[in-house]
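Colleague: okay, predicted coordinates and the sequence, questions at the end:
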Amino acid sequence: MKENSQLKNEKIQLQKEVGKLNTEISSLQANIKIFYIDKQKRSLKSDLRRLKTFKGIVKNELDNKGVDNHFECEHKKEMNRHRGYDREH
């Protein structure tokens, strides 16, 4: 009888300890998630900076070689067409 009571008390203590450990695990998982997201953000920002730098270098090279931006040319043509259309109507 005494042994049974002792085992029940030990079981209760172990269940409390398991509960505390589960809480701690949840907290650690949340921290890991935050660190992972932060690392991804920093990595993406770094990649974006490198991409912008690369884009700037390519743009400068194209500007130095006198290559026109096809999109800008087409946009200007379209805007001029609209201006002419607006004057007629």
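Modeller: Right, received. Where do you want to start? Numbers count the residues shown, from 1 in each chain.
Colleague: ok, then the element right after the top helix by length along the chain?
Modeller: The longest helix of the chain (DSSP state H) is helix 2-65. Taking DSSP states H and E as the definition, the helix or strand that follows helix 2-65 towards the C-terminus is helix 70-88.
Colleague: now stretch 32-39: buried residues?
Modeller: Of the residues in stretch 32-39, none count as buried by neighbour count, 16 or more other CB atoms under 10 Å. (C-beta placed from N, C-alpha, C; glycine too.)
Colleague: where does it sit relative to the chain's centre, distance-wise?
Modeller: Its chain's C-alpha centre and that of stretch 32-39 lie 10 Å apart, by CA atoms, centre = their mean, to the nearest Å.
Colleague: what's the mean pLDDT across that stretch?
Modeller: In this model, stretch 32-39 has an average pLDDT of 96.
Colleague: now do stretch 44-57
Modeller: Mean per-residue pLDDT for stretch 44-57: 95.
Colleague: and if you look at stretch 2-20?
Modeller: Mean predicted lDDT for stretch 2-20 stands at 95.
Colleague: next, the buried residues of it.
Modeller: The neighbour-count criterion (16+ other CB under 10 Å) identifies no buried residues in stretch 2-20.
Colleague: for Asn69, give its distance to Glu61.
Modeller: Using CB to CB, to the nearest Å, one gets 13 Å for the distance from Asn69 to Glu61.
Colleague: Asn9 too?
Modeller: In this structure, Asn9 lies at 78 Å from Glu61, with CB to CB as the measure.
Colleague: and for Leu48?
Modeller: From Leu48 to Glu61 the distance is 20 Å (CB to CB).
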